[in-house]
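just to be clear, the model below is a prediction. Sequence and coordinates:
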Amino acid sequence: MKTPVALFIFKRPHTTEKVFEVIRQAKPPKLFLIANAPRPDVDGEIEKCQAARAVVEQIDWDCKVIKNYSDIHLSVTERIYSGLDWVFSNVEEAIILEDDCVPHPTFFPFCEELLDRYRYDTRIASIAGSNFQLGCRRTNYSYYFSIYNHCWGWASWRRAWQHYDLYMKLWPEIKAGDFLKSILQNQRAVRFWSDIFQSVYENPLGITWDYQWTFACWLQNSLGIISNVNLISNIGFGLDSTHCTKKNKYDSLPTESMEFPLKHPPFIIRNLEADNFTQRTVFQEDLLHTLKQMIKNIVKD
């Protein structure tokens with residue numbers, strides 16, 4: 001393996017250990033460790049953070065370890081985006097994992113081959129190991145192209161990350177021009193993402209970091225690569241999670257082995273059927289969301 005790996009950790013040594021064990025098997029030559037600081041007023045969090053850091057200290061292969069451990073507690077948004085800024089200031093490309101995203105061993109060679117293949121192709125912004133098609137095979141190739149960029153185990157390049165804007169300064173212009181219509185081609189999806197982006201624009205540090213990443217990719221009209229089999233199992237759902245406190249159908253999805261040699265599609269076109277399924281299931285508008293939007297529109301009128 002030649003590609004650097006970046007691992008984000010915080011306070012969950014039990015999940016960190018499972019992720020780190022697969023990284024140990026892959027033996028990356030360079031490992032970036034990004035850690036958040038504990039909240040001193042939260043009982044037991046200092047000890048949990050220390051235990052998580054102790055897990056990733058167990059390097060038993062030839063590896064350059066570079067650490068970025070925050071001295072103060074940051075929000076998830078601040079820690080992820082500042083950590084990624086730091087990673088991509090050091091290297092041109094990287095494979096990125098969080099402490100609850102357990103990869104299949106074939107995730108690493110999958111990312112590495114595609115990082116090399118699409119290194120200079122600005123049409124592609126990311127490579128995802130997560131597949132949320134719930135068993136539906138969308139292609140006979142090893143992967144398909146999507147407007148969505150799943151971040152439970154992924155890889156990217158500095159050239160793509162440079163477009164990331166935490167504060168989404170261009171959102172008012174995009175909103176005024178109704179440009180999401182040309183991207184999503186579905187009015188319901190446009191309403192959903194308009195609400196999301198407006199909420200992030202009003203409170204960029206208070207929700208999460210990955211909506212800004214989606215926005216940045218859409219502004220560049222770039223696509224994400226999605227593995228045709230699921231290569232990542234998110235084991236982080238639960239009460240000690242920052243965002244995923246309730247279990248859902250994507251909790252601990254089983255992983256499959258990617259077959260090699262990879263079968264590369266001879267075209268770069270988004271898979272609309274897969275994207276529509278993703279929008280309906282992963283980013284589904286529930287009844288409460290719809291009612292809130294209706295009330296908001298009535299108040300505006």
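Looks like it came in fine. Residues are numbered from 1 along each chain as shown.

name the nearest residue to residue 183, sequence neighbours excluded.
Nearest residue to residue 183, sequence neighbours excluded (Cβ to Cβ, 6 or more residues apart in numbering): residue 218, at 5.4 Å. (Each C-beta comes from the backbone N, C-alpha and C, glycine too.)

again, but for residue 60
For residue 60, the spatially nearest residue (Cβ to Cβ, 6+ apart) is residue 24, at 7.0 Å.

can you tell me how far the residue most central in space within the chain is from residue 103?
Nearest to the mean C-alpha position of the chain, by Cα atoms, centre = their mean, lies residue 151 at 1.4 Å. Noted for residue 151: a distance of 13 Å to residue 103, by Cβ to Cβ, to the nearest Å.

what's the answer for residue 89, then?
Residue 89 is 24 Å from residue 103, by Cβ to Cβ.

what's the answer for residue 83, then?
18 Å.

neighbour count winner among those two?
Neighbours of residue 83 and residue 103, each counted by other Cβ atoms under 10 Å, are more numerous for residue 103; the result is 26 against 23.

who does that one form a beta bridge with?
Beta bridges link residue 103 to residue 232, judged by DSSP bridges.

the host helix or strand of residue 14: which residues count as buried?
Taking DSSP states H and E as the definition, one finds residue 14 inside helix 13-26. Across helix 13-26, burial judged by 16 or more other Cβ atoms under 10 Å covers 13, 15-20, 22-24, 26.

what of stretch 143-160?
For stretch 143-160, by 16+ other Cβ under 10 Å, it's 143-157, 160.

please apply the same query to stretch 129-143.
Buried residues in stretch 129-143 (16+ other Cβ under 10 Å): 129-133, 138, 142-143.

one step back: the residue nearest to the centre of the chain - nearest residue in space that isn't next to it in sequence?
Residue 151 sits nearest to residue 210 (Cβ to Cβ, 6+ apart), 4.9 Å away.

picking up where we left off before, quick one, what contacts the residue nearest to residue 60?
Counting by Cβ atoms under 8 Å, 6 or more residues apart in numbering, residue 24 touches 58, 60-61.

what does residue 160 give?
If a contact means Cβ under 8 Å, 6+ apart, then residue 160 has 122, 124-126, 217, 220, 222 as its contacts.

can you tell me the element it falls in?
helix 158-161.

out of everything not next to it in sequence, what's closest to residue 229?
Leaving out its chain neighbours, the residue that sits closest to residue 229 by Cβ to Cβ, 6+ apart is residue 256, at 4.0 Å.

okay, that neighbour and residue 227: tell me how far apart.
Distance, residue 256 to residue 227, using Cβ to Cβ: 9 Å.

who's more crowded, the two?
Neighbours around residue 256 and residue 227, counted as other Cβ under 10 Å, are more numerous at residue 227. The numbers are 27 against 15.

give me phi/psi at that one?
phi -60, psi 140 (degrees, to the nearest 10).

thought it was touching residue 132?
No - when contacts are counted by Cβ atoms under 8 Å, residue 227 is not listed as touching residue 132 (10.6 Å).

tell me if residue 31 really is in a strand.
Yes - the assignment for residue 31 is a strand, going by DSSP: H, G, I helix; E, B strand; the rest coil.

what distance do you get for it to residue 167?
Plainly put, residue 31 is 30 Å away from residue 167 if you go by Cβ to Cβ.

cool, residue 98 as well?
23 Å.

of these two, which one has the most company?
Between residue 98 and residue 167, counted using other Cβ under 10 Å, the more crowded position is residue 98 (24 against 11).

mind checking pLDDT for residue 90?
pLDDT for residue 90: 98.

still on that earlier bit, among the buried residues of stretch 143-160, which are in helices?
residue 160 (DSSP state H).

what helix or strand does residue 274 sit in?
Element membership for residue 274 (DSSP H and E) is helix 272-281.

quick check: buried residues in that helix?
For helix 272-281, a neighbour-count test (16+ other Cβ under 10 Å) marks 274-275, 277-279 as buried.

now, which of those sits nearest residue 74?
residue 278 (29.4 Å; Cβ to Cβ).
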